[in-house]
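Q: Output the structure for:
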Amino acid sequence: MKFYALIAAAALFVGASGAAFAECDPKKADVDVDKQAKCSEKCEDGWISGKQHYSSNMAKLKADSAACFQKCDCVAYGDKVLQVQ
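A: From the prediction side, this is the model:
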């Protein structure tokens, strides 16, 4: 009986602590709570809106967006966003 209680407690702990880790993808995270996801969302919005301008300097825009993702500590997610879009 103690064995099952320990397994259940460990499963609850892992399930509860999983939400505590920051997520960079604003589509997967709760943007209202997760500050890192909110920051990443602002960087992604800036990248997308900047690309829609006809005369935008794409090299400068990409560098600025990469710096924004680095400031948010979401470099891997930023590289994925900048590469795909």
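Q: need the contact list for the spatially most central residue of the chain.
A: By C-alpha atoms, centre = their mean, the chain has its centre lying nearest to C24, at 1.1 Å. Neighbouring residues of C24 by C-beta atoms under 8 Å, 6 or more residues apart in numbering: Q36, A37, S40, C72, D73, C74, A76, Y77, G78. C-beta: built from backbone N, CA, C; applies to glycine.
Q: And the first one, which helix or strand is it part of?
A: Using DSSP states H and E, the element containing Q36 is helix 35-51.
Q: just checking, what packs against that helix?
A: Using 3 or more C-beta pairs under 8 Å, 6 or more residues apart in numbering; DSSP states H and E as the contact test, the elements touching helix 35-51 are helix 58-71, helix 75-84.
Q: what distance separates the shortest one from the middle of the whole chain?
A: Averaging C-alpha positions (C-alpha atoms, centre = their mean, to the nearest Å) puts helix 75-84 10 Å from its chain's average.
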